[in-house]
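*Asks:* No letters, just coordinates:
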């Protein structure tokens, strides 16, 4: 049995010395406390007062309907396919409209393609196809 009082046998310290860590953290905390108020009130400015009302502009929506017989309607007015570009150009000059296309499911693809070309020639970039949901079709 060995005697533990010998000076040559030292116990290993298995604990972490946290004193330097605490010192560094206190220095960082002090720096933060000193600089935080300076960052908040760097320059005093008197801000203007403004109303909270927001002006909402509603874009005009043009409705183009294409029947199964090939008739083209612009906002419920029947048009020849050749005059569609000029009428859409007039709408574009007044304000930039969004176009909703209501095409019958039995309409010829060629007519729908010509309507899309007329929309493109008029310079209108916002258009969408309107369809009915599948659930309404199955119930009838």
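*Replies:* Alright, I've got the coordinates. Keep in mind that what you see is a predicted model, and the values were worked out from it rather than measured.
*Asks:* Residue nearest the middle of the chain, spatially speaking?
*Replies:* residue 126 (16.0 Å; CA atoms, centre = their mean).
*Asks:* Can you list phi and psi of that one for me?
*Replies:* Dihedral angles of residue 126 (phi, psi; degrees, to the nearest 10) stand at phi -110, psi 110.
*Asks:* Nearest spatial neighbour of it, chain-adjacent residues omitted?
*Replies:* Of all residues not flanking residue 126 in the chain, residue 98 sits nearest, at 4.2 Å (CB to CB, 6 or more residues apart in numbering). C-betas here are computed from N, CA, C, even on glycine.
*Asks:* Tell me which helix or strand in the protein has the weakest average pLDDT.
*Replies:* The helix or strand of the chain with the poorest confidence is helix 134-139; it has a mean of 56 (mean pLDDT, DSSP states H and E).
*Asks:* Please report phi then psi for residue 93.
*Replies:* phi -70, psi -30.
*Asks:* ok, it - how many residues close by?
*Replies:* 10 (other CB atoms under 10 Å).
*Asks:* Same check on residue 118?
*Replies:* 24.
*Asks:* ok, it touching residue 83?
*Replies:* No. With contact defined as CB atoms under 8 Å, residue 118 does not reach residue 83; the gap is 9.2 Å.
*Asks:* For the residue nearest to the centre of the chain, give me its contacts.
*Replies:* 59, 96, 97, 98, 99 (CB atoms under 8 Å, 6 or more residues apart in numbering).
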